[in-house]
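Colleague: Need the 3D shape of this:
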Amino acid sequence: MNKATKLLYTIQIADNALIIGHRISEWCGHGPILEQDIAATNIALDHLGQARSLYQYAAEIFNTLPAEEKKQMFSSTALQAKVAANENIDEDDLAYLRDGWDFHNVLLLEQTNKDWAYTIARSFFYDAFNYFFYSALLNSADTTLAAIAEKSLKEVTYHLRWSSEWLIRLGDGTEESHQRIQNAVNDLWMYTGEMTTANETDKAAFASGTGADLAAIKTAWKEKVSAVINEATLTMPKDAWMQQGGKDGLHTEHLGYILAELQFMQRAYPNMEW
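Modeller: Next comes the predicted model:
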């Protein structure tokens with residue numbers, strides 16, 4: 001597996017963590033009850049911590065690439081300028097200076113919060129995937145990714161328990177909560193397939209022993225999701241055509257709004273420091 005592909009694979013994982021972390025952080029100060037406001041904020045921080053570790057590693061890989069390969073990696077004019085000046089990049093550059101088409105997160109994670117039910121359904125689908133993904137990444141031939149997975153798995157295990165319990169609470173609660181969470185599950189289902197559908201980067205990472213086997217994860221994910229949905233007295237959506245493209249830089253309009261907010265300070269005041 002060459003360095004450029006390993007870089008893209010690492011960024012793909014990091015972008016997932018950053019975007020879901022940002023989405024959940026939007027509940028800070030707006031949670032349905034104080035306890036869950038704090039819980040959601042802490043979960044967002046977990047995701048952002050994972051993103052930072054992965055971006056740090058991605059920056060290390062990028063800085064060792066030949067100059068010509070660096071020019072081909074990102075279309076961002078800000079990063080192109082750094083490459084032209086022979087400057088190294090860091091994790092902040094990857095988060096704040098890339099444009100939307102340079103992001104490789106799955107589409108599910110950029111979908112709006114809408115309400116608490118949509119946030120829970122989105123988190124549950126991703127947490128279930130993340131649990132099996134990081135479990136598989138423990139055996140990665142890349143020792144850095146394996147170490148990040150080991151640290152992250154403790155957090156992800158809690159995330160999955162939290163979102164599972166909320167899915168069950170809403171599904172097996174009042175008539176209104178049941179309908180709201182069922183609507184969220186139905187609407188977000190079409191974005192779930194992308195997580196376990198391998199693109200060329202996933203295939204290369206798995207073939208080299210660096211990445212996870214998404215086919216195996218798909219089976220485990222579906223079993224876990226089905227069990228929790230049944231316990232929540234919800235109806236499992238039928239498999240149908242799935243939205244894709246996020247891993248390859250094709251996104252919904254929602255990502256643009258996320259980046260406009262996330263990147264504003266660094267874009268407005270380049271190279272600012274606290």
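
Colleague: quick one: secondary structure of Thr112?
Modeller: Secondary structure assignment for Thr112 (DSSP: H, G, I helix; E, B strand; the rest coil): coil.

Colleague: ok, now which ones touch it?
Modeller: Arg23, Tyr118, His254 (CB atoms under 8 Å, 6 or more residues apart in numbering). Yep, even glycine has a C-beta here, placed from its N, CA and C like the rest.

Colleague: So among those, which ones count as buried?
Modeller: With burial judged by 16 or more other CB atoms under 10 Å, the buried subset of those is Arg23, Tyr118.

Colleague: Out of the contacts of Thr112, the closest to Leu234 would be?
Modeller: Set against Leu234, the nearest of the contacts of Thr112 by CB to CB is Tyr118 (14.0 Å).

Colleague: isn't that closest one right up against Leu108?
Modeller: No. Counting by CB atoms under 8 Å, Tyr118 does not reach Leu108; the two are 11.1 Å apart.

Colleague: got any residues that touch both of these two?
Modeller: With CB under 8 Å, 6+ apart as the test, Tyr118 and Leu108 both reach Leu188.

Colleague: so which helix or strand takes in the closest residue to Gly100 other than its chain neighbours?
Modeller: Spatial nearest neighbour of Gly100, chain neighbours left out: Leu255 (5.2 Å); criterion: CB to CB, 6 or more residues apart in numbering. Using DSSP states H and E, Leu255 maps to helix 253-262.

Colleague: go on, Gly29?
Modeller: Counting by DSSP H and E, Gly29 is part of no helix or strand.

Colleague: and what of Gln72?
Modeller: Gln72 belongs to helix 67-73 when elements are defined using DSSP H and E.

Colleague: do His159 as well
Modeller: Secondary structure assignment for His159, by DSSP H and E: helix 143-171.

Colleague: same check, this time on Leu234
Modeller: Going by DSSP H and E, Leu234 is not in any helix or strand.

Colleague: Just the helices from this protein, written as ranges.
Modeller: Assignment of helices within the chain using DSSP state H yields the ranges 3-25, 34-63, 67-73, 77-84, 91-96, 116-137, 143-171, 175-188, 200-207, 214-231, 253-262, 264-268.

Colleague: need the contact list for Asp37.
Modeller: Asp37 is in contact with Trp27, Cys28, Gly29, His30, Gly31, counting by CB under 8 Å, 6+ apart.

Colleague: chain center to stretch 93-102, what's the gap?
Modeller: How far stretch 93-102 lies from its chain's middle: 15 Å, per CA atoms, centre = their mean, to the nearest Å.

Colleague: How about stretch 151-169?
Modeller: 15 Å.

Colleague: what's in contact with that stretch?
Modeller: 39, 43, 46, 49-50, 53, 120-121, 123-124, 127-128, 130-131, 134-135, 138, 177, 181, 228-229, 231-232, 234.

Colleague: Could I have the buried ones of those residues as PyMOL selection syntax?
Modeller: Selecting only the buried entries of the contacts of stretch 151-169 in PyMOL, with 16+ other CB under 10 Å as the criterion:
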select buried, resi 39+43+46+50+53+120+121+123+124+127+128+130+131+134+135+181+228+229+232+234
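
Colleague: still on that earlier bit, which neighbouring elements make contact with the helix holding Gln72?
Modeller: helix 3-25, helix 77-84 (3 or more CB pairs under 8 Å, 6 or more residues apart in numbering; DSSP states H and E).

Colleague: List the buried residues for the longest one?
Modeller: Residues of helix 3-25 classed as buried by neighbour count (16+ other CB under 10 Å): 4-25.

Colleague: From the contact counts, what lies against that helix?
Modeller: Secondary elements touching helix 3-25 (3+ CB pairs under 8 Å, 6+ apart): helix 34-63, helix 67-73, helix 91-96, helix 116-137, helix 200-207, helix 253-262.

Colleague: which residues touch the second one?
Modeller: Translated: helix 67-73. The contact list for helix 67-73 (CB under 8 Å, 6+ apart) reads Lys3, Ala4, Leu7, Phe62, Leu65, Leu79, Gln80, Val83, Asn86.

Colleague: From those residues, pick the one nearest Gly209.
Modeller: Minimum distance to Gly209 across those is 15.3 Å, recorded for Lys3 (CB to CB).

Colleague: I figured that closest one hits Ile61, correct?
Modeller: Yes. Between Lys3 and Ile61 there is a contact under CB under 8 Å: 5.6 Å.
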